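Undergrad: sequence unknown, structure follows:
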């Protein structure tokens, strides 16, 4: 049957860099071969390929990151029409991502729900390939970048309701990301700053002292299921659905972590595209309000400053290491925002 399948592949961007994992390069090349991919899909149980036997396949590479995964679009045509999928080939075996997504589907986050994830379709171990529903809609990041106040408010509320429901209902799974993990991350960033310029030494040490004190001040709070990277980049608004994708970093964490991640990411977006870190503060407040009204943990607010402080220190690592243009200005903003947030629970 496979020799009858018509296939079209747009692999113009599949150019693995020198030194990247040859294993994932070979697996990605196989997945981009329409005939070979169809052969592997044909081996799946019929319950995992309800569309039937493919007659034509179109594949388009979206991105190639040799360490975590490469992602591509797959269009399959069968007797029932075209079926649109997303495929992710991983550098290591990540069948656990499929299992977590399937658990979320069973917990009420399937495609029929208002609060959902992409429908997980299958995991093909031989290719380390995750197949999932492709969701068409408006990306949350585009609304926050280009939308008016009313549109941003509605988007923020939908994002808050999704996270509140997720933390209330999702089964916890994965490693526990405790406070110590975030303190270690902050210590690494401060060490990197000192290596780049010793003038940062005193400021970095003072910030670390305040972060450690802030961690000690946190009240014991039950952990819950975590997305790990909950932000406007991972959320799409489809017809009647708010859909959150990219579950590679799922974990168990303090409920304030994902809340803080979303707010910090909004602040970064506002700084980059809207001219002021504070430009989306109103949307962030609506997000938090909707989160709390939808099952979010009632004691998240006291922990938010700490998690926002440590999350502001995330990123910009390569710019600091290479001394890229603007790294000092970026660092001043990162450190300044970290100090500003921790000061709300530990005044200077």
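TA: Cool, got the structure. Remember, it's a predicted structure, so these values are computed and weren't measured experimentally.
Undergrad: Give the full set of residues in contact with the closest residue to residue 166 other than its chain neighbours.
TA: Leaving out its chain neighbours, the residue that sits closest to residue 166 by C-beta to C-beta, 6 or more residues apart in numbering is residue 225, at 6.6 Å. For every residue, glycine as well, the C-beta is placed using N, CA and C. Residue 225 makes contact with 166, 167, 170, 171, 172, 173, 250, 252, according to C-beta atoms under 8 Å, 6 or more residues apart in numbering.
Undergrad: And for residue 79?
TA: 52, 53, 55.
Undergrad: Same list (those residues) but as TSV, adding secondary structure.
TA: Converted to TSV, the contacts of residue 79 look like this (DSSP: H, G, I helix; E, B strand; the rest coil):
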residue	secondary structure
52	coil
53	coil
55	coil
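Undergrad: ok, back up a step: from the contacts of residue 225, keep the buried residues only.
TA: Neighbour counting by 16 or more other C-beta atoms under 10 Å classes 166, 167, 170, 172, 173, 250, 252 among the contacts of residue 225 as buried.
Undergrad: ok, of those, which one's closest to residue 78?
TA: residue 250 (31.5 Å; C-beta to C-beta).
Undergrad: Quick check: the closest one vs residue 136, distance?
TA: Using C-beta to C-beta, to the nearest Å, residue 250 is found at 24 Å from residue 136.
Undergrad: likewise residue 52?
TA: 22 Å.
Undergrad: For the protein, which segments count as strands?
TA: With strands called from DSSP state E, the chain shows them at 6-10, 56-65, 69-78, 81-90, 115-116, 120-124, 129-133, 138-139, 176-177, 224-226, 235-238, 241-244, 251-253.
Undergrad: Please convert these to a markdown table, extending it with mean pLDDT.
TA: As requested, these are arranged in a markdown table below (pLDDT from 0 to 100):
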| stretch | mean pLDDT |
| --- | --- |
| strand 6-10 | 51 |
| strand 56-65 | 80 |
| strand 69-78 | 88 |
| strand 81-90 | 91 |
| strand 115-116 | 98 |
| strand 120-124 | 94 |
| strand 129-133 | 94 |
| strand 138-139 | 97 |
| strand 176-177 | 96 |
| strand 224-226 | 97 |
| strand 235-238 | 98 |
| strand 241-244 | 98 |
| strand 251-253 | 98 |
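Undergrad: can you list those in JSON lines and add distance to residue 264?
TA: Shown next, in JSON lines, are these (distance: least, C-beta to C-beta, whole Å):
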{"stretch": "strand 6-10", "distance to residue 264": "35"}
{"stretch": "strand 56-65", "distance to residue 264": "22"}
{"stretch": "strand 69-78", "distance to residue 264": "24"}
{"stretch": "strand 81-90", "distance to residue 264": "26"}
{"stretch": "strand 115-116", "distance to residue 264": "22"}
{"stretch": "strand 120-124", "distance to residue 264": "28"}
{"stretch": "strand 129-133", "distance to residue 264": "27"}
{"stretch": "strand 138-139", "distance to residue 264": "18"}
{"stretch": "strand 176-177", "distance to residue 264": "16"}
{"stretch": "strand 224-226", "distance to residue 264": "15"}
{"stretch": "strand 235-238", "distance to residue 264": "15"}
{"stretch": "strand 241-244", "distance to residue 264": "17"}
{"stretch": "strand 251-253", "distance to residue 264": "15"}
